[in-house]
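> Okay, sequence plus prediction incoming.
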Protein chains: 2
Amino acid sequence: MTRADVARYASVSTAVVSYVVNGGPRPVAAATRERVLGAVRLLGYRPNASARALRTGATKLIGVVLPEIANPLFAEMALSIEQYAGELGFAVLVTNSASDPTVERRNIRNLAARQVDGMILVTVMGPSDLVGLPIADIPTVLLNTFEETPGFASIGIDAFDGTYRGVRHLIEHGHPSVALVIGRHSGDDVELRERGWLAATRDAGLPDGPIAREEFSRAGGHRAGHRLFGGLNPPTAVFCSSDWQAIGVFRALYELGLRVPEDVAVVSFDGTEASEYTNPQLTVVRQPVAAMAADAISRVVEMGKPNDRPHRPDVGGAFKVAPSPGAQADATTLTTSTHRIAHTADLIIRRSCGCHPELASRSLQA
Amino acid sequence: MTRADVARYASVSTAVVSYVVNGGPRPVAAATRERVLGAVRLLGYRPNASARALRTGATKLIGVVLPEIANPLFAEMALSIEQYAGELGFAVLVTNSASDPTVERRNIRNLAARQVDGMILVTVMGPSDLVGLPIADIPTVLLNTFEETPGFASIGIDAFDGTYRGVRHLIEHGHPSVALVIGRHSGDDVELRERGWLAATRDAGLPDGPIAREEFSRAGGHRAGHRLFGGLNPPTAVFCSSDWQAIGVFRALYELGLRVPEDVAVVSFDGTEASEYTNPQLTVVRQPVAAMAADAISRVVEMGKPNDRPHRPDVGGAFKVAPSPGAQADATTLTTSTHRIAHTADLIIRRSCGCHPELASRSLQA
DNA sequence: GTGAAAGCGCTAACAG
DNA sequence: CTGTTAGCGCTTTCAC
């Protein structure tokens, strides 16, 4: 079933079939259109995306590299990305790197080989590892980064500030010190969060609490929890760098017979839906995942457009999510800009921090 | 950067470049090969996947339709599918339907339009809704189905048996009745699980327990939990149709001040990693997700192969996971076969059922 | 062992 | 408003 068959059946040229199928670029008489549409339906014709991609040079595919699809933060990112991309007519090729730089590099290469029109990378590598990759010609944005990344457009939150506020909240509850559970790979994020935690602690005149470095997973959080709270005189408050780790910490606390928030107050970073289903519910510093994903998609798509349009008055209005202040980019240099969109994380108070002791401990009164 | 450029630079024909890049189908002199490879590297040449797909008629893309990527069961499926597909040289286009038949239909159409070489569908629709779709020519397997589906290859577990064994385990603990939390859409799965639950109950001579029909989500489980356990004389045991719902039930029990397993014993279906991070850990009827995903991929790939090969002696050995008994399919009719691979679910005893009371209640002794 | 060339299905000039 | 046609980059048959 090809375009030519449809053309033959409807007694028109293949060009007209194109015009009808694509709604342009030339007008078609209503009667002719009907005839073509009829043939399309009757013949069950489906346009060939590969041929179109070859001809137009655009696959309408966006590649996404995630470190770990099981982590709800990234799962929610994937979901939002797919959704926004779909609204703009793009399909999404999601790959998992299992936080392994080698796998990540392979995935990026694969996506490039498939001529994706753009890439969204949640990378576990440093920016310097990215330069050798064959992606100079592909619109790329780094998502979930924590600082400016030279040579790349990037989107993320202010990890220092977010951590600072989360830790400060814990301190305001009067804890003598606050422990930290954090990732073990060396990167901006780890460093920034650690600095945020340290700054909040010291600004309050408190001694540095204990720190546990484990991978960003439930298992990592579980190990961290046992290490931190398994000894004598365990800390009474802990800040977790991710919901995922916090869930592991909760399990460790449960196994150790420690109650949240009575014995240990917990605050975590991310604020995915999973944080609403721990018992008690987690107080979190929430990342605006959907907004970040929307920004990522719109930037990638924007970067992929030819730079020669004088006006495109209404295109911007299609985006549902307003980019953060400072998101305006210079169209002429966009493709290679180092521009960063920084979103802010909000503190959401729920039960695990101890703000509502009477409610949080209900289960114990039964 | 095209094949022609490389050919020109290496002073060979484009055909030779092809032979080198694809390792065939014709032999190339070692010296020539080196020259070509050098040109490829120097020029940074990347083959154009669209052109290749157009020429060969194969995109090496497999489309996947999931009802809900956030549900860990489907997230784990997506992960396994991507992994196995990658090993066979296929990339995966994952789409979400949010359990909405309309969205699902749209996604299937989109995938078909992109000329995927095969499809794996975790559908929320009945088989009859599938017939109108333009996918007769695309190798398709239904994953996570619960009964034979006429006209489709399908893979799933025996939901009746799995539920039966989970419920029976609860009954063996001596509970006077067992409640059921189950999905609300009408389909084989819901019906089979309900029958399994009923059969186990009645075979034990027990009265039918209460039933709560809610969507397959944490929120659904949460509502079900409140409905089931919020009144006077709540049941003392409950079987949840999914880990996801069980997590919601746990939250409801926590909010109601009911302890697991002391006040309420819980067993759930799925056995994803999430079930190891509830407090206490869930006793589950575990679906062999990785094996099911591997089966799905290998069947789709197999179906996509031309039917005219007389022998392919070693291909089968490449698969890591052996299909269940009865998985041998008739190669000549595979594409349109109704064949079903039924995996079996195992009961995994952990803490939520009450088998280890001394351990499960540790948190209360603190 | 290598080259020439046809053509996959589509789009978009260009011509009418 | 509609038709003709030249490729997009690749694979592969056929000739040498």
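Happy to help now that I have it.

> Spit out the contact partners of A:Ile58.
Quick fix: residue A:58 is Ala, not Ile. A:Asp117, A:Gly304 (Cβ atoms under 8 Å, 6 or more residues apart in numbering or on different chains). All C-beta atoms are positioned from the backbone trio N, CA, C, and that covers glycine.

> for it, helix, strand, or coil?
Look at A:Ala58: counting by DSSP: H, G, I helix; E, B strand; the rest coil, its state is coil.

> Tell me both backbone torsions, phi and psi, for it.
Main-chain dihedrals, A:Ala58, degrees, to the nearest 10: phi -130, psi 130.

> and A:Pro234, how far is that from DNA strand C?
64 Å (Cβ to the nearest atom of the strand, to the nearest Å).

> residues near the residue lying closest to that residue once chain neighbours are set aside, how many?
With Cβ to Cβ, 6 or more residues apart in numbering or on different chains as the criterion, A:Pro234 has its nearest non-adjacent residue at 6.6 Å, and that residue is A:Leu228. Neighbourhood size, A:Leu228 [other Cβ atoms under 10 Å in any protein chain shown]: 23.

> try A:Ala136
Neighbours of A:Ala136 using other Cβ under 10 Å come to 12.

> A:Thr236 is in contact with the residue nearest to A:Pro234, correct?
No. Between A:Leu228 and A:Thr236 there is no contact under Cβ atoms under 8 Å: 11.1 Å.

> Tell me if I am right that the residue nearest to A:Pro234 is in a helix.
Yes. Assigned with three-state DSSP, A:Leu228 falls within a helix.

> give the contact list for it.
A:Ala179, A:Val181, A:Pro210, A:Ala212, A:Pro234, A:Pro235, A:Val238, A:Val249.

> The same query, at a cut-off of 6 Å, please.
Neighbouring residues of A:Leu228 by Cβ atoms under 6 Å, 6 or more residues apart in numbering or on different chains: A:Ala179, A:Pro210, A:Ala212.

> Between those, which sits nearest DNA strand C?
Lowest distance from DNA strand C to those (Cβ to the nearest atom of the strand) belongs to A:Ala212, with 55.2 Å.

> give me the element the closest one is part of.
Element membership for A:Ala212, per DSSP states H and E: strand A:211-213.

> What residues are bridge-paired with A:Asp143?
Actually, residue A:143 is Leu rather than Asp. A:Ile155 (DSSP bridges).

> Check the burial of it by counting its neighbours.
Neighbour count of A:Leu143, defined by other Cβ under 10 Å: 27.

> gap between it and A:Phe152?
In this view, A:Leu143 and A:Phe152 are 11 Å apart by Cβ to Cβ, to the nearest Å.

> likewise A:Arg3?
Per Cβ to Cβ, A:Arg3 is found 40 Å from A:Phe152.

> quick one: which of those two has more around it?
Between A:Arg3 and A:Phe152, counted using other Cβ under 10 Å, A:Phe152 has the larger neighbour count: 21 against 18.

> got a list of what the residue lying closest to the more buried one once chain neighbours are set aside touches?
Excluding the flanking residues, the one nearest A:Phe152 by Cβ to Cβ, 6+ apart is A:Leu142, at 5.0 Å. Contact analysis of A:Leu142 by Cβ under 6 Å, 6+ apart lists A:Leu121, A:Thr149, A:Phe152, A:Ser154.

> Mark which of the residues you listed are buried, thanks.
By neighbour count, with 16 or more other Cβ atoms under 10 Å in any protein chain shown, the contacts of A:Leu142 hold A:Leu121, A:Thr149, A:Phe152, A:Ser154 as buried.

> Which residues of the stretch 51-200 of chain A lie near chain B?
For the stretch 51-200 of chain A, the contact set with chain B under Cβ under 6 Å from any Cβ of the partner chain comprises A:51, A:53-54, A:69-70, A:75, A:79, A:91, A:93-94, A:113-115.

> So for chain A, the centremost residue is which one?
What sits nearest the mean C-alpha location of chain A, by Cα atoms, centre = their mean, is A:Met77, with 3.8 Å.

> how close does it get to chain B?
Here A:Met77 is placed at a distance of 11 Å from chain B (Cβ to the nearest Cβ, to the nearest Å).

> list the helices and strands the one helix or strand that residue maps to packs on?
If you go by DSSP H and E, A:Met77 is part of helix A:72-87. With contacts taken as 3 or more Cβ pairs under 6 Å, 6 or more residues apart in numbering or on different chains; DSSP states H and E, helix A:72-87 sits against strand A:61-66, strand A:91-96, helix A:289-304.

> Can I get it in PDB, CA atoms only?
Extracted C-alpha coordinates of helix A:72-87, given in PDB (Å, rounded to 0.1, in the frame of the first residue of the first chain):
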ATOM      1  CA  PRO A  72      10.000   7.500  40.400                       C
ATOM      2  CA  LEU A  73      11.700  10.800  39.800                       C
ATOM      3  CA  PHE A  74      12.900   9.600  36.400                       C
ATOM      4  CA  ALA A  75       9.800   7.600  35.800                       C
ATOM      5  CA  GLU A  76       7.700  10.800  36.300                       C
ATOM      6  CA  MET A  77      10.100  12.700  34.000                       C
ATOM      7  CA  ALA A  78       9.700  10.100  31.300                       C
ATOM      8  CA  LEU A  79       6.000  10.300  31.600                       C
ATOM      9  CA  SER A  80       5.900  14.100  31.300                       C
ATOM     10  CA  ILE A  81       8.400  14.100  28.500                       C
ATOM     11  CA  GLU A  82       6.400  11.600  26.500                       C
ATOM     12  CA  GLN A  83       3.300  13.600  27.100                       C
ATOM     13  CA  TYR A  84       4.600  17.000  26.100                       C
ATOM     14  CA  ALA A  85       6.500  15.500  23.200                       C
ATOM     15  CA  GLY A  86       3.300  13.800  22.000                       C
ATOM     16  CA  GLU A  87       1.500  17.100  22.100                       C
END
